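J.: based on what follows, work out the 3D shape:
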Amino acid sequence: MPVPARQDPRWQALVEHPEAHTYSFLALRILMQRIARNSPLAPAARAAAIEEVQALFTKNERLVAADIQSIFG
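T.: The predicted structure is shown next:
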């Protein structure tokens with residue numbers, strides 16, 4: 001499954017509720033914990049978080065394949 005485009009509304013749901021999933025990729029788990037600590041996010045911070053998470057997925061697409069499937073599948 002390919003990484004969804006940044007405009008996909010599921011990214012917003014992911015960063016607004018980072019605790020809703022269990023993450024297998026350690027770097028993703030750490031990033032989502034940081035996002036959870038800063039919640040609720042202001043609109044600018046939410047956009048930055050979406051960009052950061054989507055970039056991590058794109059850069060590590062093979063390593064986050066299980067997470068992509070569980071979150072977006």
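J.: now the residue nearest the centre of the chain: which helix or strand?
T.: Residue closest to the average C-alpha location in the chain (C-alpha atoms, centre = their mean): residue 53, at 4.2 Å. In the assignment (DSSP states H and E), residue 53 maps to helix 43-59.
J.: what's the helix or strand following that helix packed up against?
T.: Using DSSP H and E, the next helix or strand after helix 43-59 towards the C-terminus is helix 65-72. Secondary-structure packing of helix 65-72 (3 or more C-beta pairs under 8 Å, 6 or more residues apart in numbering; DSSP states H and E): helix 9-16. For glycine as for every other residue, the C-beta is placed from the backbone atoms N, C-alpha and C.
J.: now the helix it packs on, how far from the chain's geometric center?
T.: 7 Å (C-alpha atoms, centre = their mean, to the nearest Å).
J.: stretch 7-25 now?
T.: 5 Å.
J.: for that stretch, measure first residue to last.
T.: Taking C-alpha to C-alpha, to the nearest Å, stretch 7-25 runs 23 Å from one end to the other.
J.: which residues touch residue 52?
T.: Contacts here follow C-beta atoms under 8 Å, 6 or more residues apart in numbering; on that basis residue 52 touches residue 31.
J.: please report phi then psi for residue 24.
T.: Phi and psi for residue 24, reported as degrees, to the nearest 10, are phi -90, psi -30.
J.: any idea how far it is from residue 47?
T.: Going from residue 24 to residue 47 by C-beta to C-beta, to the nearest Å gives 26 Å.
J.: in the helix holding residue 53, which residues are buried?
T.: Using 16 or more other C-beta atoms under 10 Å as the burial criterion, the residues of helix 43-59 that qualify are 46, 49-50, 53-54, 56-57.
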